[in-house]
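Novice: predicted structure and sequence below. I'll ask about it afterward.
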Amino acid sequence: MLEKIEETNPGLIAIDYDYKETKPQIQVVIDYDRAASLGVTVSTIGRTLETMLGSRRVTTFIDAGEEYDVIVEGQRDSQRTPTDIENIYVRSDRTGRLVPLSNLVSLQEFAGSGTLNRYNRVRAITIEANLDDGLSLGQALSYLEGLVRDHLPSEVIIDYKGQSRDYQSAGGGIIFIMLMGLLVVFLVLAAQFESYIHPLVIMLTVPLAMAGGLLGLFLTGGTLNIYSQVGLVMLIGLAAKNGILIVEFANQLRDQGVEFFKATIEAAAIRLRPIVMTGVTTVAGSVPLILSSGAGAETRVVIGTVVICGVLAATFFTLFVVPVAYSLLARKTGSPGDTARLLDAEMKALKQR
């Protein structure tokens, strides 16, 4: 895995991992064919190695009401070097003769880790690295996940620590926040306009504003991180206010008896100046974020870029999208004042009776 990272490293610096093969170990390899030909079973070899080089609990006995374990083990003086295995013999089940254990096994030296770490109660290897300039955390994680899928068994489980874990949890949380923000704004507008069509017309500017913010990130070489996602959430309210100006004024003109299409055109024309003025002031207020310097300036620049590009896109497209959508979708709808006028008419009719 680490060799593959070094071959196609996209910008990971100071790669390190917590699995260090610094502890010398010896592996006993059994010659199964030779052991079978001499009539020695694998279980016999295993029990012999366990007893002579370690210890084995064979039985218990009771003395004065106390139970004691009986443990069999070899002499420690004969277990100091790997060559001491030549002095161990096993008995053949076929002939009953003793066979030198060195004729049936071979020793292989290898290095293992001094400690086997765990994460979430599962044995794990943790890989750490710093990021080079121009490589985002999301790109690095996607690169490593691709290497795992291509070169490691399917049973391998991936998990995250530190900033990577925060990035994964924040990415899923920001989507939920965006959806909740859209839902709350839609419901508030629906209560204000007493209609589901008018809020839908207004909310059509939100995707356009987000597209402008993402375009700004693309042109400036930014990435979709937690700060740019916060800017996108801000655009929900900033983009909706332009549509509110047009739809609300069009409803007021319709209440005054102005014909539907004429009211839509006049609302877009009359509200042009307020929409442009609010857009310009919002952009001007975000310019210091881009011009800022010092610690944390890169985070402020990302938010400022998203807000400025998103507001510019929303300001421009609102003047075209909202009137067209309003003329197509809201043709058969009324204004919030229609309900009040209907109630007043009913009350007057009841009084006259």
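Specialist: Great, that's in hand. Given the structure is predicted, the values throughout are model-derived calculations rather than measurements.
Novice: am I right that residue 216 is in contact with residue 303?
Specialist: No - contact criterion Cβ atoms under 8 Å: residue 216 and residue 303 do not qualify, at 11.0 Å. From N, CA and C alone the C-beta is placed, and that goes for glycine too.
Novice: the helix or strand encompassing residue 69 pairs with which strands, parallel or anti?
Specialist: Using DSSP states H and E, residue 69 maps to strand 66-72. According to DSSP bridges, strand 66-72 forms sheet pairs with strand 56-63 (antiparallel).
Novice: list of residues touching the strand it pairs with?
Specialist: 47, 50, 67, 68, 69, 70, 71, 72, 73 (Cβ atoms under 8 Å, 6 or more residues apart in numbering).
Novice: now pLDDT, neighbour count and distance to residue 160 too, for the residues you listed, in TSV please.
Specialist: What follows is the contacts of strand 56-63, written out as TSV (pLDDT from 0 to 100; neighbours: other Cβ atoms under 10 Å; distance: Cβ to Cβ, whole Å):
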residue	pLDDT	neighbour count	distance to residue 160
47	88	15	44
50	86	14	40
67	92	8	49
68	92	10	50
69	91	9	45
70	91	10	50
71	90	12	45
72	88	13	48
73	87	13	45
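Novice: and the residues you listed, which is closest to residue 163?
Specialist: Nearest to residue 163 out of these is residue 50 (Cβ to Cβ; 46.1 Å).
Novice: where does that closest one fall, secondary structure wise?
Specialist: Going by DSSP H and E, residue 50 is in helix 42-53.
Novice: elements contacting that helix?
Specialist: The elements that helix 42-53 packs onto, with contact taken as 3 or more Cβ pairs under 8 Å, 6 or more residues apart in numbering; DSSP states H and E, are strand 21-30, helix 32-37, strand 89-91.
Novice: okay, the ones you listed, which one's buried deepest?
Specialist: strand 89-91 (a mean of 17; mean count of other Cβ atoms under 10 Å).
Novice: for that one, name the packing helices and strands.
Specialist: Partner elements for strand 89-91 (3+ Cβ pairs under 8 Å, 6+ apart): helix 42-53, strand 98-100.
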